[in-house]
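K.L.:
after the sequence you'll find the predicted model.
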Amino acid sequence: MPGELISLENSTDRLSEEMLIRRIRDGEPELFYELIRPYERRVYSTAFALLRNEADAEDVAQEAVLKAFKHIRQFRAEARFSTWLIQITVNEARMRRRKEHAAIMQPMADLQDEDGNYTPRDFADWREIPSETLERSEVREKLAEALASLGQKYREVFVLRDIHHLSIEETAKTLGVSTASVKTRLLRARLMLRDLLAPGLGGSWSSKLSFAKGTKPW
Amino acid sequence: MVATCEQVWREISNYLDGEVSPDLRAAMEEHFRGCQRCSAVLEGSRNVIGLYGEERMFEPPLGFSQRLHRRLEENMPRRRGTAFGWMVAAAAAVLVAGSFQVGNSNSFIPPALRSEHARPATGVPADLMVVVSDDGKAFHVAGCRFIHDKARLRTIPASQALREGYSPCSRCMKKYLSASLDTIDDDSEDVASVAGTTAK
């Protein structure tokens, strides 16, 4: 890829990663700590975004990393290690959800027809939520809440594509669905999130006071 | 080309990902200029994507990394003992493995290995047919590239090869080497605890 500094960096990373993986397989398991370090956060945030519960997320993150360690021989070099790891994490999170599923009602969005057109809600305009507001835990909490209210299939796609910046192809591969499906779900997820978050912008997101008064942003 | 609001909504996500044709892109840009609602949808979606894409959105709890490493530590194969301790453990393991798995003779005495560098075997099926050469030190799967003297080969059961002091080839018989990393792949006891059992 000409002129792409980022892809150059990635290929160097990938080379040393390949070497690490080879050495781990050949009898230096301690190097796994080094291999996993850049991805620890990502594993956790995937688990958290899918499960929306800190304790479950940590548990699932640990299980996923352990599984990657135990099955490092099954990793095939044609995939990125990070994608493989996230795939394991998604599977672990799915399993966890399935276990608890009996007690939980299916979110509305899962029952919606994926192909049906979605009409975005009409707000006069969009007031930017500045990224600095993420410093505030209540803002992060609101964002997490909105994400959690999406149906699982929309959330998975959104997490991989927009939180972890996987490509559409990688997202499709990781989830075992078609790229067309990824695009449709991604559209729906993005529009739903925007609709969920927009009403909070009538001042309540940008001033601490209205939160303090207990005003719900929506 | 003119884009309607419905078309714009259907393609807005692809538009943000740069996945629309140049014609459609131009039509959409034209539409955004004249339609406040659609440009609000565009701005909102772009903002949402940017926010969730921030690293600090989902911070792991304090101590997450340490707890993760501790968990890994508990699952590391035990390799940190002294070399001597390791050899004792491995030798004990081959005794145990030998007496259970190559158990067609009750008076089995572990043979002197033909190679002092060989790693002992565990769990080789006694009736597995393997290939040895008289002046070789290891037994192989037929056709292994690491067979030394291809002219004078014998095909014998693994139990006999072990009795004669052959050890598993480090390539084709890798999965039967006791000290290999493969031990982490299953849930069987590790070598150290097997050694503990025999000491009783």
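P.N.:
Perfect, thanks for sending it.
K.L.:
drop to CA atoms for contacts and neighbour counts, all remaining ones
P.N.:
Fine.
K.L.:
spatially nearest residue to residue B:31 (excluding sequence neighbours)?
P.N.:
residue B:3 (6.4 Å; C-alpha to C-alpha, 6 or more residues apart in numbering or on different chains).
K.L.:
surely the one you found is in contact with residue B:25?
P.N.:
No: under the criterion of C-alpha atoms under 8 Å, residue B:3 is not in contact with residue B:25, lying 9.5 Å apart.
K.L.:
so what's residue A:198 up against?
P.N.:
A:123, A:126, A:127, B:44 (C-alpha atoms under 8 Å, 6 or more residues apart in numbering or on different chains).
K.L.:
if we can go back for a sec, the more surrounded of residue B:3 and residue B:25?
P.N.:
Taking neighbours as other C-alpha atoms under 10 Å in any protein chain shown, residue B:3 and residue B:25 compare with residue B:25 leading, 19 against 16.
K.L.:
which helix or strand contains that one?
P.N.:
In the assignment (DSSP states H and E), residue B:25 maps to helix B:22-34.
K.L.:
ok, now residue A:67?
P.N.:
In the assignment (DSSP H and E), residue A:67 maps to helix A:54-70.
K.L.:
what's that helix in contact with?
P.N.:
Here helix A:54-70 has contacts from A:32, A:36, A:43-45, A:47-48, A:51, A:85, A:88-89, A:92-93, A:96, B:61, B:64, B:68, B:71-72, B:75, B:184-185, using C-alpha under 8 Å, 6+ apart.
K.L.:
emit the ChimeraX select command for whichever of the residues you listed are buried.
P.N.:
Burial among the contacts of helix A:54-70 is assessed by 16 or more other C-alpha atoms under 10 Å in any protein chain shown; the matching ChimeraX selection reads:
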select /A:32,36,43,44,45,47,48,51,85,88,89,92,93,96 /B:64,68,72,184
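K.L.:
give me the number of residues near the residue nearest to residue A:81 when sequence neighbours are not counted?
P.N.:
In space, and not counting its chain neighbours, residue A:81 is closest to residue A:75: 7.6 Å by C-alpha to C-alpha, 6+ apart. Using other C-alpha under 10 Å, residue A:75 has 15 neighbouring residues.
K.L.:
does residue A:75 really touch residue A:84, like I thought?
P.N.:
Yes: between residue A:75 and residue A:84 there is a contact at 7.5 Å, judged by C-alpha under 8 Å.
K.L.:
coming back round to it: okay, buried residues for the helix holding residue B:25 please.
P.N.:
So for helix B:22-34, counting by 16+ other C-alpha under 10 Å, buried means B:24, B:25, B:27, B:28, B:31, B:32.
K.L.:
three-state assignment of the closest residue to the second one other than its chain neighbours?
P.N.:
Think residue B:25. Leaving out its chain neighbours, the residue that sits closest to residue B:25 by C-alpha to C-alpha, 6+ apart is residue B:15, at 6.9 Å. Of the three states, residue B:15 takes helix under DSSP: H, G, I helix; E, B strand; the rest coil.
K.L.:
now do the same contact list for the residue most central in space within chain A.
P.N.:
By C-alpha atoms, centre = their mean, chain A has its centre lying nearest to residue A:159, at 2.5 Å. Counting by C-alpha under 8 Å, 6+ apart, residue A:159 touches A:46, A:49, A:50.
K.L.:
measure stretch A:61-77 end to end?
P.N.:
Terminal residues of stretch A:61-77 are spaced 22 Å apart (C-alpha to C-alpha, to the nearest Å).
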